[in-house]
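> Sequence unavailable; structure follows:
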C-alpha cells in the first residue's frame, strides 16, 4: 500500500472544468495550494511570493519568530505540487518548466536552512570551511 501517483496526462484531468481561484482569472486550474486551485502562472507567482517571504537570507535579524512546522509544511507542499505539475502537466513551456525547477531548488535550500541550528547560514558555511578558506587565502597572499 503506497502513495498513488497520477499517470502522465492525469493532472489535466484532475482539474478538468476548474478555473483559477485568483479574481478575474479565467485560466484553467493546474495545481492546488492551501485548498485552492490555481492556473500555472498564478501557482508559480504564489510559490515565488511565499518563498521570498520566508527566506531568512533576505530578512532582517530582528524579524518576528515564525512557526517552523508551518513553514516546513508549506515548503514541502510547494515543492511537491511544483514537481507534480512539471512532470504531469502536458501544456507547459520551457520557461514555465524552468521556473518550476527554480521553485524546487529554492524550496530544497529553504528546507535545509530551516533544519539548521539557529546560527546564521553564512556563519555555518564559514565555520565548516574555515580551514579551507584560510589555506586558499594564504596561497594568494
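Received the coordinates, thanks. Computed from a predicted structure; not experimentally measured.

> going forward, measure contacts between C-alpha atoms and count neighbours the same way
Noted.

> the strands in the chain, which residues?
Counting by DSSP state E, the chain has strands at residues 31-33, 36-38.

> Not counting its own residues, what contacts the first one?
Put plainly, it is strand 31-33. With CA atoms under 8 Å, 6 or more residues apart in numbering as the contact definition, strand 31-33 has outside contacts at 15, 37, 38, 39, 40, 43, 77, 78, 81, 85.

> want to try JSON lines for the strands of the chain, with distance to residue 93 as columns?
Shown next, in JSON lines, are the strands of the chain (distance: least, CA to CA, whole Å):
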{"stretch": "strand 31-33", "distance to residue 93": "16"}
{"stretch": "strand 36-38", "distance to residue 93": "17"}
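
> Of these, give the one that comes closest to residue 55.
Distance to residue 55, taken as CA to CA, is lowest for strand 31-33 among the strands of the chain, at 18.8 Å.

> Which neighbours in the sheet does that closest one have, and how are they oriented?
Strand 31-33 has the following strand partners under DSSP bridges: strand 36-38 (antiparallel).

> Please enumerate residues in contact with the partner strand?
The contact list for strand 36-38, computed with CA under 8 Å, 6+ apart, reads 18, 19, 20, 21, 22, 27, 28, 29, 30, 31, 32.

> JSON lines for these, including distance to residue 53, neighbour count and pLDDT?
What follows is the contacts of strand 36-38, written out as JSON lines (distance: CA to CA, whole Å; neighbours: other CA atoms under 10 Å; pLDDT from 0 to 100):
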{"residue": "18", "distance to residue 53": "28", "neighbour count": "16", "pLDDT": "87"}
{"residue": "19", "distance to residue 53": "26", "neighbour count": "17", "pLDDT": "88"}
{"residue": "20", "distance to residue 53": "22", "neighbour count": "23", "pLDDT": "92"}
{"residue": "21", "distance to residue 53": "21", "neighbour count": "18", "pLDDT": "90"}
{"residue": "22", "distance to residue 53": "19", "neighbour count": "14", "pLDDT": "91"}
{"residue": "27", "distance to residue 53": "25", "neighbour count": "16", "pLDDT": "89"}
{"residue": "28", "distance to residue 53": "26", "neighbour count": "18", "pLDDT": "90"}
{"residue": "29", "distance to residue 53": "24", "neighbour count": "25", "pLDDT": "90"}
{"residue": "30", "distance to residue 53": "23", "neighbour count": "26", "pLDDT": "92"}
{"residue": "31", "distance to residue 53": "21", "neighbour count": "25", "pLDDT": "92"}
{"residue": "32", "distance to residue 53": "20", "neighbour count": "18", "pLDDT": "89"}
